[in-house]
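Student: task: produce atomic coordinates for the following.
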Amino acid sequence: MNRVNRVSRHVMERAGTLLGILGLLVAGFLTSLDVWTVVIAPLFLRIQFLQGVLSVGAFSVVIAAIGLLLARDVRRDDATDERVRSGPLVQAIVPAYRDADVVDASVTSLLENDYDPLRIVIAVEPDDEPTRERAAELADIYEPVEYLVNDAPGSKATAINNAVEWSPADHFVVFDADERASPTFVSTAMGELLGETDVFQGRRVPRPSGPVETLAYCERVVVQAGYLIGDVVGFTHCQSSATGFTREALEAVGGYADVLTEDLYFSHQCYQANLTVAQNRRCTSSMEAPHTLGDLWGQRKRWRIGHVQVSHLRIREALAGRPSLTDLVTVGRAIGAVLAGGALLVLTAHVLLLMVVDPSSVVIPFAAVFTMIGGVWLRDLRDGRVGGPSWTLALAPLVFLGHGVLTVKAVLEYVLTWDGEWYQVTKTGA
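Tutor: Predicted coordinates:
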């Protein structure tokens, strides 16, 4: 009976996903055909245009605006950053699971940081012998490196929490195993954490070493630009990698939560606790990108399901008590991120219709997207974080369509078939 129920749920999920995607696209086509009329009485002017023109035009303005803000943040002279190169002990935490082939990247890049004293602990899972062996080898090679077996195995969140509890330090930085940390990350983070800042967040970019990796890079630039919208209401996105925080800050939120996207939930925890979060997009690390379309899809779907899960948790938590203004902001932020994904499918239909009716009308939105991505890419290229783009850069606008499709898929999967599993991409050290 349980097996029949599971099969029926999967059928419902897949059918619902297909119908949901088609429904939003059809809604987009129909609404784009609505004719808007503007009358300017003093001039005896009567102007008519399709709603699709209005929505695509508004999208172009928003993309251009946040693209300029992102480019400004990334390109700002980092000589103005206040750095502290020595002071209290900083504990770097590198959670690692099935990362024996890539953990060197994070460890060796952290060893090159210009801060002292800095110690590094690799937090490994008890059932992952290859990574544990490599962590032990690195601890033998480098004096500042240690490894710790997570005694509450099963998630990145518990690995970080256990490492903080184990460490004598009061200041921490966290990096994924495959990340290459900026050589100034720790000193820049400490320049903030020794002041009024509770949490410090740098920027991460996938290394675009091929066609799929280039799409992953473009998607990250688009998402990072979207985070700027949250900055308007003081909701600064912070994560569980390329992140610095104080012990006091982590204790204030009760540690990282054991959820699918602990980094997104951490952002909500910090906002609710009224912690000060500093974002520095000039302080950039690089991470290994997915190498296949399957891995890219699986990883991004996990992140979108995580968005849905956080929305569900925040709604449930807000309704459990008397909702405050802070609850309204965080719930609105969580739900808005999910709804925006669905809205992208409607917008995609508007763009497709305009391409048929008047191809020249989509030049501006496409130009806005490429300008935003290109402006950030050129800075990362100049700083040596990335190489030249693959031909798939031309497919960058499809990122918005993919984001919409993933959102519908994630919502239906979370409601009907998701049972807590999470997807891990293949990492090769590229």
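
Student: what sits against residue 246?
Tutor: By Cβ atoms under 8 Å, 6 or more residues apart in numbering, the contact list for residue 246 reads 170, 171, 172, 193, 198, 199. Glycine gets a C-beta too; all of them are placed from N, C-alpha and C.

Student: sheet partners, orientation included, of the helix or strand where residue 244 lies?
Tutor: Per DSSP states H and E, residue 244 falls inside strand 243-246. Strand partners for strand 243-246, identified by DSSP bridges, are recorded as strand 171-174 (antiparallel), strand 199-207 (antiparallel).

Student: what's in contact with the first one?
Tutor: Put plainly, it is strand 171-174. Residues from elsewhere that reach strand 171-174 (Cβ under 8 Å, 6+ apart): 88-95, 110, 160, 164, 181, 185-186, 189-190, 193, 240-247, 250.

Student: can you do 7 Å?
Tutor: With Cβ atoms under 7 Å, 6 or more residues apart in numbering as the test, strand 171-174 has contacts from 88, 90-93, 160, 164, 185-186, 189-190, 193, 240-241, 243-246.

Student: among the residues you listed, which lie within strands?
Tutor: Secondary structure of the contacts of strand 171-174 is defined by DSSP state E; positions in strands are 88, 90, 91, 92, 93, 243, 244, 245, 246.

Student: any of those buried? List them.
Tutor: Buried members of those, scored by 16 or more other Cβ atoms under 10 Å, are 90, 91, 92, 93, 243, 244, 245, 246.

Student: how about the contacts made by the first one?
Tutor: Pointing back at residue 90 there. Shown in contact with residue 90 (Cβ under 7 Å, 6+ apart): 115, 118, 169, 171, 173, 186, 190.

Student: for residue 235, state which of these is nearest.
Tutor: Here the nearest of the contacts of residue 90 to residue 235, counting by Cβ to Cβ, is residue 173; it sits at 22.2 Å.

Student: from residue 226, how far off is the closest one?
Tutor: Look at residue 173 and residue 226: by Cβ to Cβ, to the nearest Å, they are 25 Å apart.

Student: what's next to stretch 138-158, contact-wise?
Tutor: Outside stretch 138-158, the residues within contact range by Cβ under 7 Å, 6+ apart are 95, 104, 107, 111, 118-127, 132, 135-136, 159, 162-163, 166, 240, 256-258, 262.

Student: got a quick PyMOL command for the buried subset of these?
Tutor: A single PyMOL command selects the buried members of the contacts of stretch 138-158 (16+ other Cβ under 10 Å):
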select buried, resi 95+104+107+111+118+119+120+121+122+123+124+125+132+135+159+162+163+240+256+257+262
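
Student: can you flag which of the contacts of stretch 138-158 belong to strands?
Tutor: Using DSSP E, the contacts of stretch 138-158 in strands are 95, 118, 119, 120, 121, 122, 123, 124.

Student: nearest to residue 211 among the residues you listed?
Tutor: Closest to residue 211, out of all of the ones in strands among the contacts of stretch 138-158 and judged by Cβ to Cβ, is residue 95, at 29.2 Å.

Student: list the beta-bridge partners for the closest one.
Tutor: Assigned bridge partners for residue 95, using DSSP bridges, are residue 123.

Student: where in the stretch 1-150 of the chain is pLDDT low?
Tutor: Scanning the stretch 1-150 of the chain for pLDDT under 70 picks out 1, 3-4, 35-49, 79.

Student: all helices of it, in order?
Tutor: Taking DSSP state H, counting those that start in this stretch to define them, one finds helices in the stretch 1-150 of the chain at 2-32, 51-75, 103-111, 129-141.

Student: pipe these into TSV and attach distance to residue 322 per row.
Tutor: As requested, the helices of the stretch 1-150 of the chain are exported to TSV (distance: least, Cβ to Cβ, whole Å):
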stretch	distance to residue 322
helix 2-32	34
helix 51-75	34
helix 103-111	43
helix 129-141	45
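
Student: which stretch among the ones you listed comes nearest residue 302?
Tutor: helix 2-32 (15.7 Å).

Student: that older thread, quick one, which of the helices of the stretch 1-150 of the chain gets closest to residue 411.
Tutor: helix 2-32 (7.8 Å).

Student: quick one: that closest one to helix 51-75, angle?
Tutor: Going by axes from the mean of the first three to the mean of the last three Cα atoms, to 10 degrees, helix 2-32 is angled at 110 degrees with respect to helix 51-75.

Student: for helix 2-32, name the packing helices and strands.
Tutor: helix 51-75, helix 325-357, helix 398-416 (3 or more Cβ pairs under 7 Å, 6 or more residues apart in numbering; DSSP states H and E).

Student: that older thread, quick one: which of the contacts of residue 246 is nearest to residue 281?
Tutor: Here the nearest of the contacts of residue 246 to residue 281, counting by Cβ to Cβ, is residue 199; it sits at 14.9 Å.
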